[in-house]
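K.L.:
Only the shape, not the letters, is given here:
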């Protein structure tokens with residue numbers, strides 16, 4: 001298994017004299033999956049010379065005992081449930097030189113996650129674009145629903161207008177669609193246990209207060225606002241679309257508007273599920289690297305996005321999982337968290353499908369050579385469970401979309 005690290009050039013942040021480093025940790029997938037508490041490690045290399053050109057280079061590491069820690073204003077954070085930020089707990093200057101941390105505690109030294117420390121080569125998850133609100137409605141007293149006009153993955157930036165009173169709790173609940181009863185309220189049953197809710201508690205200020213979550217993301221078109229002491233307008237929320245920052249490489253335009261809409265739906269469905277691994281959804285309490293979804297979307301993804309680094313990383317993760325199964329199978333989800341460790345044959349097909357795409361679209365023979373033995377071992381595992389040369393579908397997955405909010409829409413297409 002791998003533990004990824006990222007490298008940053010911080011030269012522009014270094015100033016003459018005393019400097020300080022501040023770190024905010026969130027739960028992330030590591031804690032979300034019950035693997036341990038939030039932790040971090042770092043190493044900084046400073047290459048410098050003095051006025052006489054003498055070498056003044058040195059290393060700075062998180063391994064020493066000079067660090068201190070304290071709780072901050074992010075009192076809760078969870079990928080599924082959202083983030084709670086209490087601005088009254090902000091500590092100005094905490095990450096600057098000269099801050100008095102005498103009341104802070106010494107952090108606990110943790111062994112950290114197990115696995116090979118590996119440089120992350122895939123494009124990071126970043127802000128791709130911002131979308132303005134297109135409408136704000138009030139379906140019930142004190143409840144407002146903001147519509148951004150399209151589905152996206154990400155979060156919202158909230159602006160609370162000045163002057164603000166301390167302790168006002170503003171709640172943002174995210175959803176893909178509205179209730180089918182025409183009430184204008186958001187529909188959240190499809191989220192299952194995911195709360196998809198961000199909460200901001202004001203500090204009280206003569207200036208506008210602006211909040212943007214750090215450690216969560218949602219799949220949404222609509223956001224329900226409660227707790228705001230005035231009626232919001234189109235500027236209250238801005239939707240921030242985030243995903244793995246792979247470049248868009250392809251697009252197609254048709255003379256038939258319906259086909260252009262299909263292309264847009266395909267593009268956005270894929271874009272909102274590029275989160276370091278190809279996920280199955282961006283909204284409910286799942287968001288896993290389901291291999292079945294990855295297999296069916298690979299060809300489309302190769303056409304729409306620049307995928308070499310992204311899929312090279314995913315293939316490596318698949319290969320890492322294989323030795324953990326005695327039969328050399330690959331699991332239903334990668335990294336493995338749900339489904340069978342010995343994957344369903346249709347789900348396992350993501351491995352050769354994505355690998356073939358790397359050769360077909362990019363001519364990458366290196367990655368094919370790296371994975372051929374693993375593909376062979378996977379095929380032998382299938383042969384071991386086959387009956388009359390047919391592999392059993394022993395994990396009978398199927399479509400299970402909620403149908404209580406789906407309505408038929410007339411659709412006519414004329415071809416000539």
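P.N.:
That came through, no problem. Being a predicted model, the structure only gives us computed values, none of them experimental. Residues are numbered from 1 along each chain as shown.

K.L.:
For residue 367, which three-state class applies?
P.N.:
Under DSSP: H, G, I helix; E, B strand; the rest coil, the three-state class of residue 367 is helix.

K.L.:
Now do it: how many residues are near it, please.
P.N.:
Applying other Cβ atoms under 10 Å, we find 18 residues neighbouring residue 367. Placement of C-beta: from N, CA and C, glycine included.

K.L.:
Likewise for residue 57?
P.N.:
Neighbour count of residue 57, defined by other Cβ under 10 Å: 9.

K.L.:
likewise residue 351?
P.N.:
That count, for residue 351 with other Cβ under 10 Å as the rule, works out to 26.

K.L.:
got the buried residues for stretch 328-337?
P.N.:
Neighbour counts over stretch 328-337 (16 or more other Cβ atoms under 10 Å) mark 328, 329, 330, 331, 332, 333, 334, 335, 336, 337 as buried.

K.L.:
what does it contact?
P.N.:
Residues external to stretch 328-337 that are found in contact with it (Cβ atoms under 8 Å, 6 or more residues apart in numbering): 1, 33, 277, 288-292, 294, 314, 317-318, 321-322, 324-325, 338-344, 347-348, 351, 374, 377-378, 380-382, 395.

K.L.:
cutoff 6 Å now
P.N.:
Residues from elsewhere that reach stretch 328-337, judged by Cβ atoms under 6 Å, 6 or more residues apart in numbering: 33, 288-291, 317-318, 321-322, 339-343, 347-348, 351, 377-378, 381.

K.L.:
What residues does residue 293 make contact with?
P.N.:
Taking Cβ under 6 Å, 6+ apart, we find residue 293 in contact with residue 280.

K.L.:
and it, which of the three is it?
P.N.:
What three-state DSSP gives for residue 293 is helix.

K.L.:
Just the closest of the buried residues of stretch 328-337 to residue 231, please.
P.N.:
When the buried residues of stretch 328-337 are compared for distance to residue 231 (Cβ to Cβ), residue 337 wins out at 42.2 Å.

K.L.:
and the closest one, what pLDDT?
P.N.:
Residue 337 carries a pLDDT value of 90.

K.L.:
on that earlier part again, kindly indicate which of the buried residues of stretch 328-337 lies nearest residue 21.
P.N.:
Nearest member of these to residue 21, counting by Cβ to Cβ, is residue 335, at 29.4 Å.

K.L.:
And the closest one, how far from residue 211?
P.N.:
31 Å (Cβ to Cβ, to the nearest Å).

K.L.:
likewise residue 147?
P.N.:
Computed as Cβ to Cβ, the residue 147 to residue 211 distance reads 20 Å.
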